[in-house]
Each structure stands twice: as C-alpha cells, then as structure tokens.
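A.B. asks: below is the sequence, then the predicted model.
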Amino acid sequence: MARSFDRFLPDAFRRDGNRDFADQLVPTQLVPGALIYDVGGGKHPNVGEWRRLQLGLSIVGLDIDAEELAAAPAGAYERTICADISSYRGSADADLAICQAVLEHVSNTDAAMRALASIIKPGGTVLLFLPSRTAVYAALNRILPHVWKRWLLYRIYPRSQQVQGFPAYYDRCTPSQILNLARKHGLEVESARYFFYSDYFSFCFPLHVAWRMWQLLFRLLRGNQAAETFSLVLHKAAGKPIETRNT
Ligand SMILES: C[S@@+](CC[C@H](N)C(=O)[O-])C[C@H]1O[C@@H](n2cnc3c(N)ncnc32)[C@H](O)[C@@H]1O
C-alpha cells in the first residue's frame, strides 16, 4: 500500500539515495589504478571485488571497529586501518575517499571533514552520502534511548541488523552544514544530490501517509534542506593545504 501511494509522488520522493550512491555515483568516479579509502566501509566495502580487480584499484578500509573490518569479504581491502575518522590525519595519498552512511555516527563532523580532506591528494575527490538530521527518523534516532530504538528497528526490520544499529549523533548533518564544513576544509563542491525517500514508516500505512504529508510540506518550505538523505561530490583543489582550522 505504501508503495502504491508513493506512485503519486514526484520522482525525487521515490529514489533511494543509498542505492543511487552505490550504483550510480560511485562507479562514475572509479579510475583505473586509483588508490581509494573506504571510510567506515566496515564489513560492507563500497567497491566489489570484481570491479576492484577489473580496474586494478587499491582499496584501504578505514573503520573505528576492527570487528567490522574483519567481517569484510576476504581480499576486499588491500590494507585496513582501525581508527576514529574524527581523530585521523591522512597523508594526502588517495585519489578518492568514499564515506557512505558514516558521518551521522561521528560525534564531531567538523573533525571528520578535516580528516577526509587530509586523506585525498590535491585534485582528489571525496564522495559523501549521509542522512540529514532533520529527517523524522533521524529525530527519533536522537530522541529514543539506543536500546529501545535497536529493539524496535530489529523487530520491524530484522534484516537491518546487517547494516544498522550503530550509535548515531547527526552532528551538523544537514546539507547546508556539511557543505559549509566541506568548504571550510578546502573541499569544493562539484555536485549535490538530494533524496526524499526512506522506508522506515512503510510498515504502518497511516504513519507512512502522515510522514509523506509532512515531507511534502517541509520540502515546500525548505527546498533541498528538507532532504532525508543527500550525497556530495567534493574536490580538493590542487595546492590546497592539508591542515585546516578545527573548532
Ligand atoms: C552504517 S555502517 C555503514 C557501512 C558502509 N559504509 C555502508 O554504507 O554499508 C557505519 C560504519 O561506520 C563505522 N564508523 C562509525 N563511527 C566511525 C568513526 N568515528 N570512524 C570510522 N568509522 C566509523 C562503523 O563501524 C560502521 O562500519
């Protein structure tokens, strides 16, 4: 019923940002022989083995959780680094840094953006995907105690145990705040994509409809700032310094 209802909504309300990032955006940025950091890739590396071998990519998995890294498919990462991205300092050696569904779990996104900028070389690219802190599910995520929301999520969507359940802070996780942090750390914005889709409320049709009504109104009032999720392509201009201000 939720899916049938959604057919009447504009396309932007039906496109899954997660899938768009992984299937459409990331592949366009893979260059043969590139050195790639998958930041927060954990047990789900962004680039599959077939593509890695085909393009001769070197992939470094950086994650705060050693168990997540160890659970990745064998050979997915050439090298792994167990570190908190917000206190990491890169050596500006990467062509590309991919960071999907991670920044919402970081308590200091300013420091994390600085680290991402330090990982890539001048002329390199950062690909970001994250949910916005203004999304209704993000607000619930912040308000509800962690144990409750894990229990609810796993009850309603048992398969989410594979990818969800990490503590989330949503520190400065709105499109405008992340864009400002990117610029602050010397990253220029090449493109941004905004999505108004998630399926957290589809288990209960009346809730789904109420949430969709709120979204339509919110988008009317705030435009792209009302997006549920967004992705960014960021470039470090050649010659930009690695170290930038931190607050
Ligand atoms: C929701 S998962 C996303 C995994 C993968 N990127 C994907 O899109 O399927 C979040 C990942 O970020 C990692 N993570 C959370 N906080 C982090 C931090 N401060 N520094 C580095 N990794 C972190 C978690 O361990 C986990 O592997």
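C.D. replies: Here it is on my side, so go on. It should be emphasised that the depicted structure is a prediction, and the values quoted were computed from it without experimental measurement.

A.B. asks: quick check: residues of the chain near the ligand?
C.D. replies: 40-42, 44, 63-65, 68, 84-86, 100-102, 105-106, 163, 166 (C-beta under 6 Å from any ligand atom). Backbone N, C-alpha and C define where each C-beta goes, glycine included.

A.B. asks: the residues you listed, buried ones only, as a ChimeraX selection?
C.D. replies: The buried residues among these can be selected in ChimeraX (16 or more other C-beta atoms under 10 Å) with this line:
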select :40,41,42,44,63,64,68,84,85,86,100,101,102,105,106,166
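
A.B. asks: spit out the contact partners of Gly41.
C.D. replies: Shown in contact with Gly41 (C-beta atoms under 8 Å, 6 or more residues apart in numbering): 61-63, 69, 72, 76-77, 98, 100.

A.B. asks: neighbour-wise, which of these leads?
C.D. replies: With neighbours set by other C-beta atoms under 10 Å, the maximum within the contacts of Gly41 is found at Ile98, which has 28 neighbours.

A.B. asks: what's the spacing between that residue and Phe13?
C.D. replies: 26 Å (C-beta to C-beta, to the nearest Å).

A.B. asks: number of residues surrounding the closest residue to Ala117 other than its chain neighbours?
C.D. replies: Nearest non-adjacent residue to Ala117, counting by C-beta to C-beta, 6 or more residues apart in numbering: His185, 4.1 Å away. Using other C-beta under 10 Å, His185 has 26 other residues around it.

A.B. asks: hang on, His185 packs against Ala111?
C.D. replies: No: the criterion here is C-beta atoms under 8 Å, and His185 misses it with Ala111 at 9.8 Å.

A.B. asks: what's the first-to-last distance across stretch 85-101?
C.D. replies: Its first and final residues considered, stretch 85-101 spans 13 Å by C-alpha to C-alpha, to the nearest Å.

A.B. asks: tell me the contacts of the residue of the chain found nearest the ligand?
C.D. replies: Closest to the ligand within the chain is Gly42: 2.5 Å, counting by C-beta to the nearest ligand atom. Neighbouring residues of Gly42 by C-beta under 8 Å, 6+ apart: 61, 63, 65, 68-69, 71-72.

A.B. asks: hmm, Asp93 is touching Leu35, no?
C.D. replies: Yes: Asp93 sits in contact with Leu35 when judged by C-beta under 8 Å, with a separation of 6.2 Å.

A.B. asks: show me the longest helix that occurs in the chain.
C.D. replies: helix 205-222 (DSSP state H).

A.B. asks: give the buried residues for that one.
C.D. replies: Neighbour-count burial for helix 205-222 [16+ other C-beta under 10 Å]: 208, 211-212, 215, 218-219.

A.B. asks: just to revisit the earlier point, now the contacts of Gly41 in CSV, with pLDDT and secondary structure?
C.D. replies: CSV is the format used below for the contacts of Gly41 (pLDDT from 0 to 100; DSSP: H, G, I helix; E, B strand; the rest coil):
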residue, pLDDT, secondary structure
Gly61, 98, strand
Leu62, 98, strand
Asp63, 98, strand
Leu69, 97, helix
Ala72, 96, coil
Ala76, 93, coil
Tyr77, 96, coil
Ile98, 98, strand
Gln100, 98, strand
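
A.B. asks: wait, which of the residues you listed is closest to Leu130?
C.D. replies: Closest approach between those and Leu130, by C-beta to C-beta: Gln100, at 8.0 Å.
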